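**Q** any chance you could fold what I've pasted below:
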Amino acid sequence: MLIRFCVSLSFILIVSGCAKPAQDLDSGQDRGIKPSQVEAKKVQSPPPVSLSRMDNQFLYLAAQKALHDGQPTLAVRFLSTLVKKEPNEVLPRFELVDLLLAGGKKKEAMGYIEAMSQPAVDALADEELLQYQQLYARSLIANGQTEQATTLLEDVLIKQPDNIDVRLLLARVYAIHGKYILAHETLTNGLKRKKDVRLQNMQVQLYLQQGRFSDADKTLARMQSDYPEQEDIVLQRAHLAEKQGAGVKAEMLLKAFIDTHEKTAVQSYHMLAGIYVRQNRLTPAIATYKTMLPLTGDDSEVLMSLGKLYYQMQAFAEARDYFKRAVTQLTPQKQGLEVSEALATASFYYGASLEASHEWKQAVPEYERLLPKHNLFLDAQLRLASIDITLKILPAAEKRLLALKKTYENELDVYEMLSGLRLQQKRYHDAISESDSATDLGYSKVLLFNRAVAFEKLKKFEQLDEALSVILGKEPNDAETLNFYGYSLADRGVRLDAAREMIEKALVLKPNDGFYLDSLAWVLYKQKNYVLALESQLKAIEIIHNDAVMMEHLGDIYWRTGDVEQARSSWEKALEAKHDEPKKIKAKIKSGLM
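**A** Here you go, the predicted model:
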């Protein structure tokens, strides 16, 4: 009953319609007529040949080629056409049902399997009948008709007790209904007849579903003894051990397998390195990946892992070298080929390591290699804008960020960097107006803080307080926000007790921060506690020697303590440090504090 195809599989003629050759134009040249005077006839392509008119053998072979090329949808089209033309042919129907089930089209699969007539089923050979019964059971399970599937599979297993596939399918159905005792019995009985790793694997999966991790490990241990060369069994045991918090056991299992398979245990090396990373044991992780390199032929993924580890350790020179090797490994030999996702990722990290090494100009072409289709394209564009800002090429950064804002209007990262740029440009109104819509996209400390700075510069204190309160509501121990809010209140001369409390909390978190000590001195100054203010300000100056505002504060404090000479000296140092308001400082030097 099966279709017998005798044609060669080496090639398939793809038919798109057989067009008749266009008729030659009358030779006007023979009669002295110019070619331009001859009206060319329009040649229309005939419509494509319907699939139903194609040869059966062609349809089957075309389906096989589509599967080989990774086009299951096209294969389904060919096979469904063939089944309609030849409803009594078994092989195409079975392959079609299998494809539909794999593609999640369970109702269509059931339709095709149930469409077989009873006489056709009765005429099936033993092997074909078994295949039919398995497909029917799978279709029933997929469509939620598990009771019928159970009955069918139980009947088949009585007749075919050595069939592993049927036994596995039946155990799976039992497990769906929570009948784990029956499921285990089915597998155990199968193992008594013949030891099979598939049955043991199913046992492990059932134990894991039940939360019986010890039984799962015992089964895996037996499997490891039975199949000592199978690395995947060791990997399962190690994964289970780590999942249960037994990292040492996982490490020992992997090391034991590596000791006896050191030239081939690539996956074990990889998992061991992953365990080290998750335990933040970066040095042994690096050593493990380095051992893997010659075993994998300098695999780009291993090179990338090493680069990321060194980058995490801030060993940027080493990170840069490994990322560069990964880029070289992934770059196609032929010019003009598309940049793959893997190459784009490697280029991005190579650029990041160059940037971290302050090799900004060298990082630019690496970031520019990424295209809009790549996952890290937006990140690369933001890094390019950051480099422009670092190199003081602010118009280029502005142009890039405004373009990104149009394309990625829901990406907070773009608004964060753009608002930061506006602060550098002292365009405070733009910093606020351009980011107004972004506040609805979600919480962003960076964006709220930048907006708060702009509000402070524009003396919009109500909005400033609101923005900083949102941050502290989410992150009550954020030292930077505590200090800024406290300083702002002190500078305004309001809620001084709350301001002092905020700044002192920030100093508990960062006790040696010179700017925070300056803020404390300023709130103490506002509270007219000049002795403590001077003490705190002098500590701040010891840490940060040449800040113009801090020197101005020191001068103000000295003046209030009556040390006029030190006050004027401090204000002069504020001028030398290029204070933003030199006229104000000169007025203080001349007349003191009015």
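
**Q** pull the contacting residues for Ile544.
**A** Gly514, Phe515, Asp518, Met550 (Cβ atoms under 8 Å, 6 or more residues apart in numbering). Any C-beta I mention is one placed from the backbone N, CA and C, and that applies to glycine too.

**Q** for the residue nearest to the spatial centre of the chain, what are its contacts?
**A** Taking Cα atoms, centre = their mean as the criterion, Asn375 is the residue nearest the geometric centre of the chain, at 8.0 Å. Residues in contact with Asn375 (Cβ under 8 Å, 6+ apart) are Glu341, Ala344, Thr345.

**Q** run the last query once more with 10 Å
**A** Going by Cβ atoms under 10 Å, 6 or more residues apart in numbering, Asn375 touches Glu341, Ala344, Thr345, Phe348.

**Q** where does the chain have low pLDDT?
**A** 1-49 (pLDDT under 70).

**Q** which SSE is Lys373 in?
**A** Under the criterion DSSP states H and E, no helix or strand holds Lys373.

**Q** picking that back up, Ser117: which of the contacts of Ile544 is nearest?
**A** Set against Ser117, the nearest of the contacts of Ile544 by Cβ to Cβ is Phe515 (85.9 Å).

**Q** report how many residues lie close to the closest one.
**A** Neighbour count of Phe515, defined by other Cβ atoms under 10 Å: 19.

**Q** right, and it touches Val549 too?
**A** Yes: applying Cβ atoms under 10 Å, one finds Phe515 in contact with Val549, separated by 9.4 Å.

**Q** show me where the stretch 451-594 of the chain has its helices.
**A** Secondary structure of the stretch 451-594 of the chain, counting by DSSP state H, counting those that start in this stretch: helices at 461-474, 479-492, 496-509, 514-526, 530-543, 548-561, 564-576, 582-591.

**Q** now do the shortest one against helix 564-576, angle only.
**A** Spelled out, it's helix 582-591. 160 degrees (axes from the mean of the first three to the mean of the last three Cα atoms, to 10 degrees).

**Q** what do you get for the second one?
**A** Direction vectors for helix 479-492 and helix 564-576, defined by the same axes, to 10 degrees, enclose an angle of 120 degrees.

**Q** same question, the fourth one
**A** Between the axis of helix 514-526 and that of helix 564-576 there is an angle of 140 degrees, by the same axes, to 10 degrees.

**Q** what helices or strands is helix 514-526 leaning on?
**A** helix 479-492, helix 496-509, helix 530-543, helix 548-561 (3 or more Cβ pairs under 10 Å, 6 or more residues apart in numbering; DSSP states H and E).

**Q** just to check, Leu240 is in contact with Gly211?
**A** No: in this structure, Leu240 is not within contact of Gly211 by Cβ under 10 Å, at 11.8 Å.

**Q** one step back: now tabulate the helices and strands packed on helix 514-526 in CSV and tack on distance to Phe455.
**A** Shown next, in CSV, are the helices and strands packed on helix 514-526 (distance: least, Cβ to Cβ, whole Å):
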stretch, distance to Phe455
helix 479-492, 9
helix 496-509, 17
helix 530-543, 25
helix 548-561, 19
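
**Q** turn those helices into JSON lines, including distance to Leu421 and mean neighbour count.
**A** Output for the helices and strands packed on helix 514-526, formatted as JSON lines (distance: least, Cβ to Cβ, whole Å; neighbours: other Cβ atoms under 10 Å):
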{"stretch": "helix 479-492", "distance to Leu421": "19", "mean neighbour count": "22"}
{"stretch": "helix 496-509", "distance to Leu421": "26", "mean neighbour count": "18"}
{"stretch": "helix 530-543", "distance to Leu421": "29", "mean neighbour count": "18"}
{"stretch": "helix 548-561", "distance to Leu421": "22", "mean neighbour count": "21"}
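
**Q** got the contact list for Ala137?
**A** Residues in contact with Ala137 (Cβ under 10 Å, 6+ apart) are 113, 145-146, 148-153, 156, 165-166, 169-170, 172-173.

**Q** please report the distance of it from Lys105.
**A** 17 Å (Cβ to Cβ, to the nearest Å).

**Q** likewise Ala175?
**A** 24 Å.

**Q** next one: Lys263
**A** 45 Å.

**Q** so between those two, which is more surrounded?
**A** Lys105 (16 against 8).

**Q** quick check, the more buried one in contact with Asp98.
**A** No: with contact defined as Cβ under 10 Å, Lys105 does not reach Asp98; the gap is 11.2 Å.

**Q** buried ones among the contacts of Asn375?
**A** Among the contacts of Asn375, those buried by neighbour count (16 or more other Cβ atoms under 10 Å) are Ala344, Thr345, Phe348.

**Q** which strand or helix spans the first one?
**A** Spelled out, that is Ala344. Counting by DSSP H and E, Ala344 is part of helix 341-356.

**Q** ok so, going back, looking at the contacts of Ala137, which is nearest Ser357?
**A** Among these, and counting by Cβ to Cβ, the member closest to Ser357 is Arg172, at 54.6 Å.

**Q** tell me which stretches of the stretch 1-150 of the chain form helices.
**A** Using DSSP H, counting those that start in this stretch, the helices of the stretch 1-150 of the chain run over 56-68, 72-85, 90-102, 106-114, 118-122, 126-142, 146-159.

**Q** quick one: the ones you listed as JSON lines, columns for distance to Gln527 too.
**A** Output for these, formatted as JSON lines (distance: least, Cβ to Cβ, whole Å):
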{"stretch": "helix 56-68", "distance to Gln527": "81"}
{"stretch": "helix 72-85", "distance to Gln527": "75"}
{"stretch": "helix 90-102", "distance to Gln527": "75"}
{"stretch": "helix 106-114", "distance to Gln527": "75"}
{"stretch": "helix 118-122", "distance to Gln527": "95"}
{"stretch": "helix 126-142", "distance to Gln527": "75"}
{"stretch": "helix 146-159", "distance to Gln527": "76"}
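
**Q** among those helices, show me which one is buried the most.
**A** Greatest average neighbour count among the helices of the stretch 1-150 of the chain goes to helix 90-102 (a mean of 21), per mean count of other Cβ atoms under 10 Å.

**Q** now that one against helix 126-142, angle please.
**A** Going by the same axes, to 10 degrees, helix 90-102 makes 20 degrees with helix 126-142.

**Q** what helices and strands are in contact with helix 90-102?
**A** Judged by 3+ Cβ pairs under 10 Å, 6+ apart, helix 90-102 is in contact with helix 56-68, helix 72-85, helix 106-114, helix 118-122, helix 126-142.

**Q** contacts for the shortest one?
**A** The reference is to helix 118-122. So helix 118-122 is contacted by Met1, Pro87, Asn88, Glu89, Val90, Arg93, Ile113, Glu128, Leu129, Tyr132, Gln133, Tyr136 (Cβ under 10 Å, 6+ apart).

**Q** got phi/psi on the fourth one?
**A** Right, the one you point to is Glu89. In terms of degrees, to the nearest 10, the main-chain angles of Glu89 are phi -80, psi 130.

**Q** pretty sure Tyr443 contacts Glu416?
**A** No: in this structure Tyr443 lies outside contact range of Glu416 using Cβ under 10 Å: 11.8 Å.

**Q** and the two? Which one has more around it.
**A** Ranked by neighbour count (other Cβ under 10 Å), Tyr443 and Glu416 place Glu416 first, with 20 against 13.

**Q** isn't the more buried one right up against Thr439?
**A** No: Glu416 is not in contact with Thr439 according to Cβ under 10 Å; the separation is 11.7 Å.

**Q** now list whatever residues contact both of the two.
**A** In contact with both Glu416 and Thr439: Leu447, Leu448, using Cβ under 10 Å, 6+ apart.
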